[in-house]
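Visitor: Structural data only, the sequence is not supplied:
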């Protein structure tokens, strides 16, 4: 796939395929491993490492945003945080942050989406 970026780009720009058609034509681009490899080839940056580093950097602000949310979202994220507090993760900062935002952000976005007209 390293030699096909220009071809895929031309296909997307000129033919404007639907996501379904694009996924059928290039299924590997919808797999995490290949997406990371493609991003590395194009940008010379390891996507997952960069994402996790940024997540670590902004985790306290993200937790504040999630806790500021009220109602059902606040209760769900409180329940998630309480269950995580029961697990000993003192030496594993990143897994805890990932668990919090893997569940907490999903809850937050889901509630926000429901409120849209």
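Guide: Arrived safely. Everything quoted here is computed from the prediction, not taken from an experiment.
Visitor: Now do residue 32 against residue 38, distance only.
Guide: 11 Å (C-beta to C-beta, to the nearest Å). All C-beta atoms are positioned from the backbone trio N, CA, C, and that covers glycine.
Visitor: what's around residue 66, how many residues?
Guide: The number of residues packed around residue 66, counting by other C-beta atoms under 10 Å, is 21.
Visitor: do the same with residue 77
Guide: 22.
Visitor: Would you mind pointing out the helix or strand it falls in?
Guide: Here residue 77 sits within helix 71-85, counting by DSSP states H and E.
Visitor: out of residue 32 and residue 38, which sits in the more crowded spot?
Guide: Between residue 32 and residue 38, residue 38 has the larger neighbour count (other C-beta under 10 Å), namely 20 against 9.
Visitor: Let me know the helix or strand that the more buried one is in.
Guide: Counting by DSSP H and E, residue 38 is part of helix 32-43.
Visitor: now do residue 54
Guide: helix 47-68.
Visitor: That'll do, ta.
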